[in-house]
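Q: Generate a structure from the sequence data that follows.
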Amino acid sequence: MSLQNRIINHFTDSIQTKQDALGELCELIEVASQRMVAALLNDRKILTCGNGRSAACVQLLSSALLNQFERDRPSLPAIALTMDVATLTAIASDDSYEEVFSKPIRSLGQSGDVLVAYADSNHSNIAKAITVSQAKDISVIALIGENSEGISALLTERDLEIRIPSSSAIRTYEVHVLITHCLCDLIDHQLFDGMG
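A: Below you'll find the model as predicted:
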């Protein structure tokens, strides 16, 4: 296969996965944005966590909320649980890597907050973050892939699952980025459209 054909295949696969996700997930993305807006309007915050590539989505979401997405507007409270390297490595070293997100949630999370957890497979630290959040009355929005059955099994009717219709970690990540952009836009639209 030529290099250009490989490029064409990547674009084609990405487009198809995004079209599949649009058909299945549009309403869930809307509901996720509404839950995040409700938390923000009640003086609560958005907590975010994810590993590897997903940590990039975590930072994308939190930076867009704290700073801005596409418009100049007031800062919104968000904490990327992946950002503090000293704390992450201390927890991983002193306790276990499974605790790197759940330990900060125990101390920083409040009832009414929202945890946005990104996972393209079954990560024990994401699972632990979800169970700790549920115990603290923190709503969970899980952006997952088809290979995340273990994460999915933890979610209750109070939580929201946004599962990408792909078993490819790369395609899952690409759609997670697009959904993150959608969430940022929908939050800004709901909170700030009409500001003069």
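Q: so which helix or strand takes in the closest residue to E174 other than its chain neighbours?
A: Spatial nearest neighbour of E174, excluding adjacent residues (Cβ to Cβ, 6 or more residues apart in numbering): S14 at 5.5 Å. Where you see a C-beta, it was placed from the backbone N, CA and C, and this is true even at glycine. Using DSSP states H and E, S14 maps to helix 3-41.
Q: same question for that helix, mean pLDDT?
A: If you average the pLDDT over helix 3-41, you get 97.
Q: List the buried residues for that helix?
A: For helix 3-41, the neighbour count (16 or more other Cβ atoms under 10 Å) marks 14, 17-18, 21, 25, 28-29, 32-33, 35-37, 39-40 as buried.
Q: the strands in the chain, which residues?
A: 46-49, 78-80, 114-119, 139-144, 160-163 (DSSP state E).
Q: Make JSON lines from these and add mean neighbour count to it.
A: Formatted as JSON lines, the strands of the chain follow (neighbours: other Cβ atoms under 10 Å):
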{"stretch": "strand 46-49", "mean neighbour count": "28"}
{"stretch": "strand 78-80", "mean neighbour count": "22"}
{"stretch": "strand 114-119", "mean neighbour count": "28"}
{"stretch": "strand 139-144", "mean neighbour count": "25"}
{"stretch": "strand 160-163", "mean neighbour count": "19"}
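Q: picking that back up, would you check how far apart the residue nearest to E174 and E146 are?
A: Distance from S14 to E146, counting by Cβ to Cβ, to the nearest Å: 16 Å.
Q: pLDDT weak spots in this protein?
A: Scanning the chain with the threshold set as pLDDT under 70 gives 194-196.
Q: hmm, 90 instead?
A: Scanning the chain for pLDDT under 90 picks out the ranges 1, 83-84, 95, 120-123, 147-149, 193-196.
Q: quick revisit: mind putting the strands of the chain into TSV with distance to T131?
A: As requested, the strands of the chain are arranged in TSV below (distance: least, Cβ to Cβ, whole Å):
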stretch	distance to T131
strand 46-49	13
strand 78-80	19
strand 114-119	11
strand 139-144	9
strand 160-163	15
